[in-house]
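Undergrad: 3D, please:
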Amino acid sequence: MIRASALYIVIVVALVIGVICSALIVTGYFYRLAYQQKFRYDMLNDNLHSGINMMLAGQDSTYGERTLSLFGRDNDSVRVKRIFWGAYDVGIVTAFIQKDSISSVFSIGRQIDTVKRTALYLADFDSPLSVSGAGGVIGNAALPKAGVQVALTESAHDSKQKPVLGKISTSKKELPSLDANITGKLQKLFTPPAGIKSLWQQDTIINSFQKETRAVHLGSTPVNLKNKYLNGNIIIYSDTTVTIDSTTRLNNIMIVARSIIVNNHFRGNCQLFASDSVKVGKNCLFNYPSCIGVLRSKSDPGIEPEIKLGDSTMFYGVIFTLNKLTGLQQPKIVLENRTKIFGDIYSQSEVMTKGNVGITGSVYTLTIAHFSNFRYSRNYLIDARINSNRLSRYYLTSSLLSFQSGQKKILQWLE
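TA: Next up is the predicted model:
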């Protein structure tokens, strides 16, 4: 005869064994579920990177969205989208399997072809380049047939260094052309699409590149942007002057206006496009990748077209002028004392330096000049140094400068 206590122990042991078995079954279920999720995520991640590589490797530069199957199966679909965003295109790639998806948003730059990299391209107008003081060119240079000479000026003593440390070739009278597709789209920015809101209701706007572009048209009244934080897929249009105060923070947005003024001590990363002028104050910092461009297509006798960077300003990115006019109204680029540029300068007119200027990158210009003590010196490089060799090998330029561009790569992860 079995005691009741023994039966009780059997029941308890059976219960414990049942709990353990149930726990093992549940653990196995969740492990399998986690494994399937990880397997699907890895597959999505592989497809995502394949889509990114296809976008970067392809020669197709058309804008828009398309969906494709990588291997012809039902679990390898990717959606790729290219957005025109000023000097730097934005790519959006989404990999999806049924309702599961992952996305990446990034800006696209181009690696500089080291063979084509030029520190200074000075158009040939039968005038030599004169170098004096601490000025000089480090890197390859394309110069007029008249060559280069060391000059002795009133404001700077003769330099013992070679004026050009690099290979010298002969330039032409015309500059290498900017990418026509991009310049055409930049010109169209000055005709804003209809139906854009003109109200400014928020001080902080963050808009994803996976959403529709947030566009604001400020009209024909001058606006001073103060105490604003604008980030992402945002375009500001204006028919007149836009002033950007140092209290405003901009990140990856575009501003298109007749003229743009940036106050002293501004910090940000943006693209500024004007039809007349862009004037940047002192001690400003434009983080990489930024862009400033003046695109002239209409004559205005009351405006002196130029891009001007104030004293001790640092700029990382691309500065350019594009002019479709013939005559005296040629937009120039003016660099004040202690200005430092890291990137590319392209001027269809003139680059003027005023004092000790450092350019790490490339300069393409019809003429280069120095202005000091009310004296203008054409084709003089005085106390201004251009050094393309110091530019980081990881630096990516804009597809706008297609003549020196190489392979497309990811410039910046945006989202």
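Undergrad: got phi/psi on Thr240?
TA: Main-chain dihedrals, Thr240, degrees, to the nearest 10: phi -140, psi -130.
Undergrad: is it true that it touches Ile261?
TA: No - Thr240 is not in contact with Ile261 according to CB atoms under 8 Å; the separation is 11.2 Å. To be clear about C-beta, it is placed using only N, CA and C from the backbone, and glycine gets the same treatment.
Undergrad: so between the two, which is more surrounded?
TA: Set side by side, Thr240 and Ile261 show more neighbours around Ile261, with 19 against 14, by other CB atoms under 10 Å.
Undergrad: ok, that one to Lys308 distance?
TA: 10 Å (CB to CB, to the nearest Å).
Undergrad: quick check: neighbours shared by the two?
TA: Val278, Lys279 (CB atoms under 8 Å, 6 or more residues apart in numbering).
Undergrad: now the strands for the stretch 51-200 of the chain?
TA: Listed in chain order, the strands of the stretch 51-200 of the chain (DSSP state E, counting those that start in this stretch) span 64-69, 77-83, 89-97, 100-112, 120-122, 129-132, 136-138, 141-143, 148-150, 164-165, 168-170.
Undergrad: just checking, what packs against the third one?
TA: In terms of contact count using 3 or more CB pairs under 8 Å, 6 or more residues apart in numbering; DSSP states H and E, strand 89-97 is assigned the packing partners helix 4-57, strand 77-83, strand 100-112.
Undergrad: taking strand 77-83 as reference, get the angle to the first one.
TA: With axes from the mean of the first three to the mean of the last three CA atoms, to 10 degrees applied, the angle from helix 4-57 to strand 77-83 works out at 40 degrees.
Undergrad: now do helix 4-57: distance to the chain's middle.
TA: Distance of helix 4-57 from its chain centroid, counting by CA atoms, centre = their mean, to the nearest Å, is 45 Å.
Undergrad: count the neighbours of Lys340 for me.
TA: Number of residues near Lys340 (other CB under 10 Å) recorded here: 17.
Undergrad: tell me the contacts of it?
TA: By CB under 8 Å, 6+ apart, the contact set of Lys340 is Thr313, Met314, Phe315, Val357, Gly358, Ile359, Thr360.
Undergrad: want to throw those into CSV with distance to Phe30?
TA: Output for the contacts of Lys340, formatted as CSV (distance: CB to CB, whole Å):
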residue, distance to Phe30
Thr313, 57
Met314, 53
Phe315, 54
Val357, 64
Gly358, 60
Ile359, 60
Thr360, 55
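Undergrad: for Asn251, which non-adjacent residue is closest in space?
TA: Take Asn251 and drop its neighbours on the chain: the residue closest to it by CB to CB, 6 or more residues apart in numbering is Asn231, 4.3 Å away.
Undergrad: look up phi and psi at that neighbour.
TA: Main-chain torsions, Asn231, degrees, to the nearest 10: phi -140, psi 130.
Undergrad: ok, now which ones touch it?
TA: Ile205, Ile206, Asn207, Arg249, Leu250, Asn251, Asn252, Ile253.
Undergrad: so how far is Thr248 from it?
TA: Using CB to CB, Asn231 is found at 11 Å from Thr248.
Undergrad: so which of the contacts of Lys340 is surrounded by the most neighbours?
TA: Most neighbours among those, by other CB under 10 Å: Ile359, with 28 neighbours.
Undergrad: check whether Ala215 sits in a helix, strand or coil.
TA: strand (DSSP: H, G, I helix; E, B strand; the rest coil).
Undergrad: how many neighbours does it have?
TA: As a burial measure, Ala215 scores 18 neighbours (other CB under 10 Å).
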